[in-house]
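Participant: okay, here's the prediction I keep looking at, along with the sequence it came from:
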Amino acid sequence: MIRVLRHESTVLKDNPLRDPCERDLWVYLPPGYEAAAQSYSVLWCLTGFTGTGAMAVTGNRWAPGLADRMDRLVAEGCPPVIVAFPDCFTRWGGSQYLNSAAFGNYEDYLCDELLPFVDGELRTTGRHGVFGKSSGGYGAVRLPMRRPGLFSAAACHSGDMGFAFPYVPGFGKTAARIAHCGSVEAWVEQFESAEKKKGADFDAINTFAMAAAYSPDTAHPFGVALPYDPETGEIIPEIWARWKANDPVEMVRDESCADGLRKLSLLFLDCGANDEFQLHLGLRLFVRQLEELEVPCIVEEFPDNHRSISYRYDVSVPRLAEALSRS
């Protein structure tokens, strides 16, 4: 069963992009929730870039949404859990589930507002897990590092890590697209006014959104410092260093971040071995760091690419639900 809760955020109220501060929070309730008196653990599903919670729930006939998938998994023996689907969409397509002066404080929105909101609105045990794919997978490993103990279990599917692999190839394409339009402002105006987006714009909006997350700077248009020289495409070391500081491969070297992952009762990581953005290589770098730091994890590579891999939730969600039932 799906319930749609409405939440008005305090931390997003004055966000610089004027994105909505009042948003729907779609929630999956397991079979029997209304009739039973028991409390349930909560899994937070973080969508990928340009995704919203509603999109993850509904799906389509060829790609079932999480609501139908959860009903099936519970029927097959997965411990019943509540699943919450936050909407962290921004004008630029996503937030990476972090705080940024360029678009607002989405880490605080999720962790400080939505978690206690759900605990207050629904019958929960107070135990929370987090999972997601791509940018959502990034959030699923970053948040436990940033907020040790808040989440009890996490699963990252094809999450952004090893930043040079997924991001650097888009820098030149972004520079070319913005140069074609004449300026960042002209490109944004053209992008937002076009009913049909150009293929070249997707590399640009992805790079721009990541810069808004990792290198906000009020001295630049829209408060976003791009990590390359607009004339030559050469990487600017000091800005790239800000990006790298948000790379899970780098973050986990901080003992407090590593300890956040150690506190998890389950850390599940996977990626397609043919990922178009080479995120399987980023995963291998991350896992190497985890092994050196003696952070327990379960790691799987599977024979697929980055697209349409929601079927992997069949593997992670029952493990997460089981881990929460034991924590």
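Facilitator: That came through fine.
Participant: who's in contact with the residue nearest to Leu293 when sequence neighbours are not counted?
Facilitator: Distances taken as C-beta to C-beta, 6 or more residues apart in numbering place Ala258 nearest to Leu293, at 4.8 Å, with adjacent residues excluded. The way it works is simple: take the backbone N, C-alpha and C, and place the C-beta from them, glycine included. Contacts for Ala258 (C-beta atoms under 8 Å, 6 or more residues apart in numbering) come out as Met145, Val252, Leu293, Val295.
Participant: list the buried residues of the host helix or strand of Ala258.
Facilitator: Ala258 belongs to helix 255-262 when assigned by DSSP states H and E. Buried residues in helix 255-262, counted by 16 or more other C-beta atoms under 10 Å: Cys257, Ala258, Gly260, Leu261, Arg262.
Participant: hmm, back to that, ok, of the contacts of Ala258, which one's closest to Cys78?
Facilitator: Minimum distance to Cys78 across the contacts of Ala258 is 25.5 Å, recorded for Val295 (C-beta to C-beta).
Participant: that closest one: neighbour count?
Facilitator: 19 (other C-beta atoms under 10 Å).
Participant: just His7 next, same as before
Facilitator: Neighbours around His7, by other C-beta under 10 Å: 18.
Participant: which residues does it form a beta bridge with?
Facilitator: For His7, the beta-bridge partners under DSSP bridges are Arg23.
Participant: got the domain boundaries for this structure?
Facilitator: Taking automatic domain parsing as the domain assignment, the ranges for the chain are 2-162+248-326, 165-244.
Participant: most tightly surrounded among these?
Facilitator: domain 2-162+248-326 (a mean of 19; mean count of other C-beta atoms under 10 Å).
Participant: rounded mean pLDDT for that domain, please.
Facilitator: Per-residue pLDDT over domain 2-162+248-326 has a mean of 97.
Participant: that one spans what distance, first to last residue?
Facilitator: End-to-end distance for domain 2-162+248-326: 25 Å, by C-alpha to C-alpha, to the nearest Å.
Participant: go on, stretch 248-255?
Facilitator: So stretch 248-255: terminal residues 13 Å apart, C-alpha to C-alpha.
Participant: before we move on, what about stretch 146-155?
Facilitator: With C-alpha to C-alpha, one end of stretch 146-155 sits 15 Å from the other.
Participant: again with stretch 122-139
Facilitator: End-to-end distance for stretch 122-139: 24 Å, by C-alpha to C-alpha.
Participant: chain center to that stretch, what's the gap?
Facilitator: 10 Å (C-alpha atoms, centre = their mean, to the nearest Å).
Participant: the closest residue in space to Arg91 that isn't next to it in sequence and Arg242, how far apart?
Facilitator: Closest residue to Arg91 apart from its sequence neighbours, by C-beta to C-beta, 6+ apart: Leu17 at 4.3 Å. Remark: distance between Leu17 and Arg242 (C-beta to C-beta, to the nearest Å) = 20 Å.
Participant: on that earlier part again, in a helix, the residue nearest to Arg91, correct?
Facilitator: No. Using DSSP: H, G, I helix; E, B strand; the rest coil, the assignment for Leu17 is coil, not a helix.
Participant: need the contact list for it.
Facilitator: Residues near Leu17 by C-beta under 8 Å, 6+ apart: Thr90, Arg91, Trp92, Ala102, Phe103, Gly104.
Participant: quick check, nearest of the residues you listed to His306?
Facilitator: For the contacts of Leu17, the nearest to His306 is Trp92 (20.0 Å; C-beta to C-beta).
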